[in-house]
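Q: based on what follows, work out the 3D shape:
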Amino acid sequence: MNARSVVVLALSIVVLIVSLCSIVITVKPPFAAPVLEVLGLQQSEKVAYSGENRSDDVLFGGVGDPTLTEAELEEQRLEKLRKSQTPLIAQVEGVDIHCPIRPADLTGVLFHQASYDYALVMETKLPEADPTKALNERNTRINHEQVEGEWLDADALHIWRTSDTTPMDTSIDVGAAAGTIVRSPISGTVVLVQDYKLYDEVPDIRIHIQPDGKPDLDCVLLHTADPLVKAGDHVEAGVTEISHIRDIQKDLIDVQLFFYTPEGVGGNHTHVQMNNANAKGYRAERLKGALKVKE
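A: Numbers count the residues shown, from 1 in each chain. Okay, here's the model as predicted:
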């Protein structure tokens, strides 16, 4: 074979190789995937569907996932919600009340009497704190590192007020430093965010939330500032950020929780209660201008 023949053969082989490579790149047969990935000519499926690029709907069995039933999708959604919620602090009339403050930020839990008889008695599974010990030590037990558990891992004070004649456990003071984020204690719809005068003197804010499926109830939060929600917003219990703890202590003396927290911590808190919205005159007086929720 002369030199000319060798050159022609070599060129023919090069042309054949180039043609085969072109076909492989275009068709991308499965056996060639590793080589194409190394050469950067094909994206790995692991990259294309990594958690960073997937939406929550895909990660948690999103709508339209053909491998899961509607019941399974709903259970996954609820499980995801449970893992993101703050723990329970009380229950009333079949409504779960979650702690409006993250355990890491909590300074104390104090059940007491509400000022009006339309407030409903709440039940709790929190262990009862020894009020005398808590007063002497200026402290109540709180697991600030709690990340799991259905109920809040903290002791609760139950303190009577001589100025009120209503039943015990009709309201809760949940303590935290001023500026701390307040989360919705229940799932429902915000129906009213209202400025008012506490004791007819101190400027304050009331946030009213109608629990899902309970139009006869009104959950009210007091002593917050810079609200993050408005009437019509739907909120999730223990998840949705709705406001911030206000510095109520600068306007009031003898804030009850102050005496059961360490020196320097203070008694700032948000006040939570569940009211009977059907009580005589309640809607006209307390829910004037409130959004009417369509069930």
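
Q: does Ala119 touch Asp169 like I think?
A: No - Ala119 sits out of contact with Asp169 when judged by CB atoms under 8 Å, with a separation of 9.5 Å. The C-beta positions use only the backbone N, C-alpha and C, and glycine is treated the same way.

Q: show the pLDDT at Gly61.
A: On pLDDT, Gly61 comes in at 42.

Q: brain fart, Ile253
A: pLDDT, read off for Ile253, is 85.

Q: can you check the one 5 residues further on too?
A: As summarised for this prediction, Phe258 has a pLDDT of 96.

Q: let me see the residues that make contact with the strand or helix carrying Ala284.
A: Assigned by DSSP states H and E, Ala284 falls within helix 282-286. Defining contact as CB atoms under 8 Å, 6 or more residues apart in numbering, one finds that helix 282-286 is touched by 118, 208, 218, 220, 275-277, 290.

Q: so what are the domain limits for the protein?
A: 1-53, 55-84, 88-286 (automatic domain parsing).

Q: nearest to Lys294, of those domains?
A: domain 88-286 (9.4 Å; CB to CB).

Q: okay, how far is it across that closest one, tip to tip?
A: 26 Å (CA to CA, to the nearest Å).

Q: what number of residues lie near Trp151?
A: 17 (other CB atoms under 10 Å).

Q: kindly report the same for the one 3 residues further on.
A: Residues near Ala154, counting by other CB under 10 Å, number 21.

Q: contact partners for it?
A: 103, 106, 109, 126, 140-143.

Q: relative to Val182, which of those residues is nearest.
A: For the contacts of Ala154, the nearest to Val182 is Leu106 (11.7 Å; CB to CB).

Q: what residues are up against the closest one?
A: Applying CB under 8 Å, 6+ apart to Leu106 gives the contacts 99, 142, 144, 152, 154, 174-176.

Q: same thing but 7 Å
A: Applying CB atoms under 7 Å, 6 or more residues apart in numbering to Leu106 gives the contacts 142, 144, 154, 175-176.

Q: from those residues, which land in strands?
A: Secondary structure from DSSP state E places Gly175 of these in strands.

Q: and the residue nearest the centre of the chain, how far from Gly94?
A: In the chain, the centroid-proximal residue (CA atoms, centre = their mean) is Val239; its distance is 0.8 Å. Val239 is 20 Å from Gly94, where distance means CB to CB, to the nearest Å.

Q: report the rounded mean pLDDT for the helix holding Ala284.
A: Across helix 282-286, pLDDT averages out at 96.

Q: buried members of the contacts of Ala154 into ChimeraX, please.
A: Of the contacts of Ala154, the buried ones go into a single ChimeraX selection, burial set by 16 or more other CB atoms under 10 Å:
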select :103,106,109,126,140,142
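
Q: got CSV for the contacts of Ala154, with pLDDT and distance to Leu88 too?
A: What follows is those, written out as CSV (pLDDT from 0 to 100; distance: CB to CB, whole Å):
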residue, pLDDT, distance to Leu88
Pro103, 98, 12
Leu106, 98, 14
Val109, 98, 12
Leu126, 98, 9
Thr140, 96, 18
Arg141, 97, 17
Ile142, 98, 15
Asn143, 98, 14
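
Q: picking that back up, in a strand, that's where the residue nearest to the centre of the chain is, yeah?
A: No - Val239 sits outside any strand when classified using DSSP: H, G, I helix; E, B strand; the rest coil, being coil.

Q: need the pLDDT of it.
A: 97.

Q: shouldn't Gly149 be in contact with Ile89?
A: No - in this structure, Gly149 is not within contact of Ile89 by CB atoms under 7 Å, at 11.9 Å.

Q: compare these two and say which is more crowded by neighbours.
A: Ile89 (27 against 11).

Q: what's the separation between Val190 and Val220?
A: Distance, Val190 to Val220, using CB to CB: 11 Å.

Q: the two - which one has more neighbours?
A: Using other CB under 10 Å, the more surrounded residue of Val190 and Val220 is Val190, with 24 against 20.

Q: may I ask which helix or strand encompasses that one?
A: strand 188-198.

Q: show me what secondary structure element comes after that strand.
A: Heading C-terminal from strand 188-198 (DSSP H and E), you reach strand 202-211.

Q: convert that next one to CSV, retaining C-alpha atoms only.
A: Extracted in CSV, the C-alpha atoms of strand 202-211 (Å, rounded to 0.1, in the frame of the first residue of the first chain):
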residue,chain,number,x,y,z
VAL,A,202,-52.7,52.7,76.8
PRO,A,203,-52.6,52.4,73.0
ASP,A,204,-52.6,48.8,71.9
ILE,A,205,-53.6,46.5,69.1
ARG,A,206,-56.1,43.7,68.9
ILE,A,207,-55.9,40.9,66.3
HIS,A,208,-59.1,38.9,65.9
ILE,A,209,-59.0,35.4,64.2
GLN,A,210,-62.0,33.2,63.4
PRO,A,211,-61.0,29.6,63.8
